[in-house]
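Q: Have a look; sequence and predicted model below, questions after that.
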Amino acid sequence: MAEENAPSYEKAREELTEVVRRLEAGGLTLEQSIELWERGEKLAALCEEWLQGARVKLAAAMAQRRQPDADDSPF
């Protein structure tokens, strides 16, 4: 992750869910809504970063699995 103290994917997703819930509930000032929206944008980007990293790792693992291992050759 880019930030040393960035939350885990699960924590970021949980907080993002709470941000969305609060925004949908309404009753906030414009300033509060904007602040929450900006936090939500950051959390969504962080979650996407986590997911992209997982996709890269998965693709690498799948590619490695498809390639025959040099140690497995009979000769």
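A: Here it is on my side, so go on. Residues are numbered from 1 along each chain as shown.
Q: C-alpha from now on. contacts and neighbour counts both.
A: Will do.
Q: By residue count, tell me the biggest helix in the protein.
A: Of all the segments assigned as helix in the chain under DSSP state H, the longest by residue count is helix 30-66.
Q: Starting from residue 58, give me the distance back to residue 64.
A: According to Cα to Cα, to the nearest Å, residue 64 stands 10 Å off from residue 58.
Q: Give the buried residues for stretch 10-23.
A: 12, 13, 15, 16, 19, 23 (16 or more other Cα atoms under 10 Å).
Q: cool, stretch 41-56 as well?
A: 43, 44, 46, 47, 50.
Q: Distance from stretch 5-12 to the middle of the chain?
A: 8 Å (Cα atoms, centre = their mean, to the nearest Å).
Q: cool, stretch 53-65 as well?
A: With Cα atoms, centre = their mean, you get 16 Å for stretch 53-65.
Q: and it, average pLDDT?
A: Average pLDDT, stretch 53-65: 90.
Q: which stretches of the protein have low pLDDT?
A: By pLDDT under 70, the low-scoring segments of the chain are 1-4, 68-75.
Q: okay, which residue is most central for this protein?
A: For the chain, the residue nearest the mean C-alpha position is residue 47 (2.0 Å; Cα atoms, centre = their mean).
Q: In contact with it, which residues?
A: By Cα atoms under 8 Å, 6 or more residues apart in numbering, the residues touching residue 47 are 9, 12, 13.
Q: Excluding covalently adjacent residues, which one is nearest to the first one?
A: Taking Cα to Cα, 6 or more residues apart in numbering, and ignoring the residues beside it in sequence, residue 9 has residue 47 as its nearest neighbour in space, at 5.7 Å.
Q: Next, work out how far apart the one you found and residue 41 are.
A: 10 Å.
Q: same deal with residue 31?
A: 15 Å.
Q: Ok, residue 65 next?
A: Counting by Cα to Cα, the gap from residue 65 to residue 41 is 36 Å.
Q: Then residue 50?
A: Counting by Cα to Cα - residue 50 and residue 41 are separated by 14 Å.
Q: now swap in residue 48 and tell me
A: 11 Å.
Q: go on, residue 33?
A: 12 Å.
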